[in-house]
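In: Got a sequence here, can you build the structure:
(one chain, ligands or ions: 1)
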Amino acid sequence: MFSASEFMASPSSLFSAYASFMASMMLARTILNDLIPKPIRAYLVALFRRLFKAKTSQLTLVIEEHGGGLTKIGPHTDRLKIDKCPGKKRISIRLEKDERLTDSYDGIELKWKFVCVEQERSNNRDSSRTGSDTRRFFELSFDKRHKEKILSSYVPYVLDKAKAIRKTDRVLKMFTLGNNGRGGPYYGGSNWESINLEHPSTFETLAMEPEQKEAVKEDLVRFLNRKEFYKRVGRAWKRGYLLYGPPGTGKSSLVAAMANYLKFDVYDLQLSNIMSDSDLRKLLLDIANRSILVIEDIDCSIDLPDRLPASEENGKNITRPQLTLSGLLNFIDGLWSSCGDERIIIFTTNHVEKLDPALLRPGRMDMRIHMSYCTFHGFVLLASNYLGISEANLSHRYCHVLEEIKVVDRLPYIDPPEHEGSLPLKGRKATRSNSYGDSPGKSDGKA
Ligand SMILES: Nc1ncnc2c1ncn2[C@@H]1O[C@H](COP(=O)(O)OP(=O)(O)OP(=O)(O)O)[C@@H](O)[C@H]1O
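Out: Sure, this is the predicted structure:
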């Protein structure tokens with residue numbers, strides 16, 4: 001018979017057994033790592049996991065993260081991430097890594113988990129970019145029995161909600177041509193540069209006839225809601241506006257108000273910097289959907305056909321490509337106009353009479369908006385915005401002034417001395433220019 005002490009190994013023999021076991025494991029691991037390529041190893045690991053995973057009644061959806069904040073915070077959520085990007089109106093609240101949240105939809109319990117996984121960056125084209133990327137996604141788990149309902153109604157509901165949040169949080173951008181086009185001619189390539197568009201103009205602050213304002217807003221909303229209509233009638237989903245009127249009457253302010261109203265980015269294009277139709281095409285193809293393209297002072301840049309005359313080079317008469325009116329029109333309503341959706345094109349001009357009739361043809365400019373000098377309604381709104389005077393008060397205190405305004409088309413330059421800031425009377429620029437040429441007495445203000 002063996003005694004118990006014979007079975008009891010000494011600590012030194014236990015330690016040497018452990019050391020040799022670890023050494024052989026490490027050797028085996030090194031051999032495996034050397035012999036089996038990484039993708040096959042990953043596949044084998046995934047296969048083992050799948051084989052030995054406990055059968056579950058839960059289904060898990062993986063939803064990639066594309067921004068958007070939380071609309072709900074569950075009672076069991078312990079850690080939340082809060083940040084506020086510059087320019088954004090609200091703070092955004094997000095789940096922290098591996099945090100969970102429970103939601104309920106029509107009596108179905110849904111569990112959300114926010115997962116962050118470090119992934120090795122594999123960029124064959126740019127070997128200098130090594131390191132790792134973090135993949136962020138949500139896992140949504142629920143009972144498999146409710147798969148149809150969750151996929152057909154809960155998920156679309158959540159995605160719509162996320163879209164709406166992104167829309168309200170969106171910081172608008174204003175794009176202009178980069179160095180290539182700024183301060184000099186633009187020679188190909190696309191280099192739109194953007195800055196945050198923080199223009200405060202809105203339809204509420206804009207002095208315009210109320211009916212005119214409503215008509216523009218309604219037109220914009222109708223345009224946005226008519227995707228199917230445009231498709232049905234075979235037209236590109238775009239709309240053209242022509243804003244015309246004297247300088248300083250609010251054309252740019254209206255563009256900003258439209259952008260703020262629709263939450264569309266603005267692309268500001270100076271045609272005088274574009275040298276050829278093909279350059280224009282490249283730039284316009286690079287414009288995102290749901291955006292406003294503004295071509296300001298179109299009357300100044302519309303002498304298009306002879307922009308760049310034929311030139312002599314090495315004794316040969318070379319005709320260079322040009323920016324032509326027909327090229328421009330082609331982008332407005334020709335074949336190229338169909339590249340992109342939900343686009344708004346706005347031309348502004350101080351001299352509508354100088355524009356080529358081809359540009360004004362019905363269908364090209366869907367709506368023409370005349371921005372003219374201040375009317376009674378405009379004045380009331382500006383007085384209220386700038387001076388905080390209500391309409392009732394205004395009528396009472398400035399009755400006599402309003403009487404004059406009702407009948408005077410152009411106003412002289414007025415600066416209210418006792419109030420902070422100046423009151424931007426429409427037509428100020430125009431009347432100011434009178435002081436350079438015409439004498440005030442000669443101003444064409446008429447009763
Ligand atoms: N209708 C208006 N409502 C509110 N503010 C206005 C209006 N018109 C002019 N302003 C004020 O006057 C300033 C000049 O207006 P804006 O630049 O929009 O005019 P514009 O018609 O685009 O001028 P230009 O033709 O010279 O480009 C703006 O800062 C704005 O505050």
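In: Now the closest residue to residue 343 other than its chain neighbours: phi and psi?
Out: Nearest residue to residue 343 in three dimensions, chain neighbours excluded: residue 238, at 4.2 Å (C-beta to C-beta, 6 or more residues apart in numbering). No exception for glycine: its C-beta is placed from N, CA and C like everyone else's. Main-chain torsions, residue 238, degrees, to the nearest 10: phi -150, psi 160.
In: Could you do residue 295 as well?
Out: Torsion angles, degrees, to the nearest 10, at residue 295: phi -110, psi 100.
In: pretty sure it is touching residue 355, no?
Out: No: if you go by C-beta atoms under 8 Å, residue 295 and residue 355 don't touch, sitting 11.6 Å apart.
In: element containing residue 34?
Out: Per DSSP states H and E: residue 34 is located in helix 11-35.
In: just residue 239 next, same as before
Out: Element membership for residue 239 (DSSP H and E) is strand 238-244.
In: What helices and strands are in contact with that strand?
Out: helix 210-224, helix 251-262, strand 343-349, strand 367-370 (3 or more C-beta pairs under 8 Å, 6 or more residues apart in numbering; DSSP states H and E).
In: neighbouring strands for the helix or strand following the second one, and are they parallel or not?
Out: Remark: after helix 251-262, the chain's next helix or strand is strand 265-269, criterion DSSP H and E. Pairing partners of strand 265-269, with direction, according to DSSP bridges: strand 173-177 (parallel), strand 291-295 (parallel).
In: any idea of the mean pLDDT for the first one?
Out: Averaged over strand 173-177, pLDDT sits at 89.
In: Return the residues in contact with residue 327.
Out: Residue 327 sits next to 276, 277, 280, 281, 304 when contact means C-beta atoms under 8 Å, 6 or more residues apart in numbering.
In: Nearest to the ligand: which residue in the stretch 151-300 of the chain?
Out: residue 250 (2.8 Å; C-beta to the nearest ligand atom).
In: From residue 29, how far out is residue 16?
Out: 20 Å (C-beta to C-beta, to the nearest Å).
In: isn't the residue of the stretch 151-300 of the chain closest to the ligand right up against residue 206?
Out: Yes: counting by C-beta under 8 Å, residue 250 touches residue 206, with 6.2 Å between them.
In: Point out where the protein drops to low pLDDT.
Out: 1-9, 53-56, 65-94, 120-133, 179-190, 300-321, 334-338, 362-363, 392, 394-447 (pLDDT under 70).
In: What parts of the stretch 201-350 of the chain come near the ligand?
Out: With C-beta under 6 Å from any ligand atom as the criterion, the stretch 201-350 of the chain meets the ligand at residues 206, 207, 208, 247, 248, 249, 250, 251, 252, 253, 350.
In: Now, of those residues, which are buried?
Out: Buried members of these, counted by 16 or more other C-beta atoms under 10 Å: 206, 207, 208, 248, 249, 250, 251, 252, 253, 350.
In: What sits closest to residue 349 if chain neighbours are left out?
Out: Per C-beta to C-beta, 6+ apart, closest to residue 349 is residue 299, 4.5 Å.
In: count of neighbours near the one you found?
Out: By the measure other C-beta atoms under 10 Å, the count of residues near residue 299 is 18.
In: which residues does it contact?
Out: Applying C-beta under 8 Å, 6+ apart, the residues contacting residue 299 are 349, 350, 351, 352, 354, 355.
In: Residue 275 versus that one, what's the distance?
Out: 20 Å.
In: Equivalent analysis for residue 354, please.
Out: For residue 354 relative to residue 275 (C-beta to C-beta), the value is 22 Å.
In: the more surrounded of the two?
Out: The neighbour comparison of residue 354 against residue 275 (other C-beta under 10 Å) goes to residue 275, with 19 against 12.
In: hmm, back to that, which of the helices and strands packed on strand 238-244 sits most buried?
Out: Sort the helices and strands packed on strand 238-244 by mean neighbour count, taking mean count of other C-beta atoms under 10 Å, and strand 343-349 sits at the top with a mean of 24.
In: So which residues make contact with that one?
Out: So strand 343-349 is in contact with 220, 223, 236-244, 251-252, 255, 258, 262, 264, 287, 289-299, 332, 355, 359, 365, going by C-beta under 8 Å, 6+ apart.
In: do that again at 7 Å, thanks
Out: Residues outside strand 343-349 that contact it (C-beta atoms under 7 Å, 6 or more residues apart in numbering): 238-244, 251, 255, 264, 289, 291-299, 332, 355, 365.
In: Repeat that for stretch 282-294.
Out: For stretch 282-294, using C-beta under 7 Å, 6+ apart, the contacting residues are 188, 190, 192, 255, 258-259, 264-269, 331, 339-346, 348.
In: what does the domain assignment say about this structure?
Out: According to automatic domain parsing, the chain comprises the domains 55-120+132-171, 173-305+321-370, 378-442.
In: any chance of the strands paired with strand 265-269 in TSV, with distance to residue 229 and mean neighbour count too?
Out: Shown next, in TSV, are those (distance: least, C-beta to C-beta, whole Å; neighbours: other C-beta atoms under 10 Å):
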stretch	distance to residue 229	mean neighbour count
strand 173-177	28	20
strand 291-295	20	22
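In: Need those in JSON lines (columns: distance to residue 378).
Out: Shown next, in JSON lines, are the strands paired with strand 265-269 (distance: least, C-beta to C-beta, whole Å):
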{"stretch": "strand 173-177", "distance to residue 378": "26"}
{"stretch": "strand 291-295", "distance to residue 378": "22"}
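In: For residue 376, which of these is the nearest?
Out: The closest of these to residue 376 is strand 291-295. By C-beta to C-beta, the value is 29.2 Å.
In: send the alpha carbons of that closest one over as CSV?
Out: Output in CSV follows, covering the C-alpha atoms of strand 291-295 (Å, rounded to 0.1, in the frame of the first residue of the first chain):
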residue,chain,number,x,y,z
SER,A,291,-28.1,72.4,-50.0
ILE,A,292,-28.5,75.9,-51.4
LEU,A,293,-26.2,77.1,-54.2
VAL,A,294,-26.0,80.9,-54.2
ILE,A,295,-24.7,82.8,-57.2
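In: That one vs strand 238-244, what angle?
Out: 40 degrees (axes from the mean of the first three to the mean of the last three C-alpha atoms, to 10 degrees).
In: give the contact list for the residue lying closest to residue 192 once chain neighbours are set aside.
Out: Among residues not flanking residue 192 along the chain, residue 175 sits closest, at 4.2 Å (C-beta to C-beta, 6+ apart). Counting by C-beta under 7 Å, 6+ apart, residue 175 makes contact with 192, 193, 194, 265, 267, 268.
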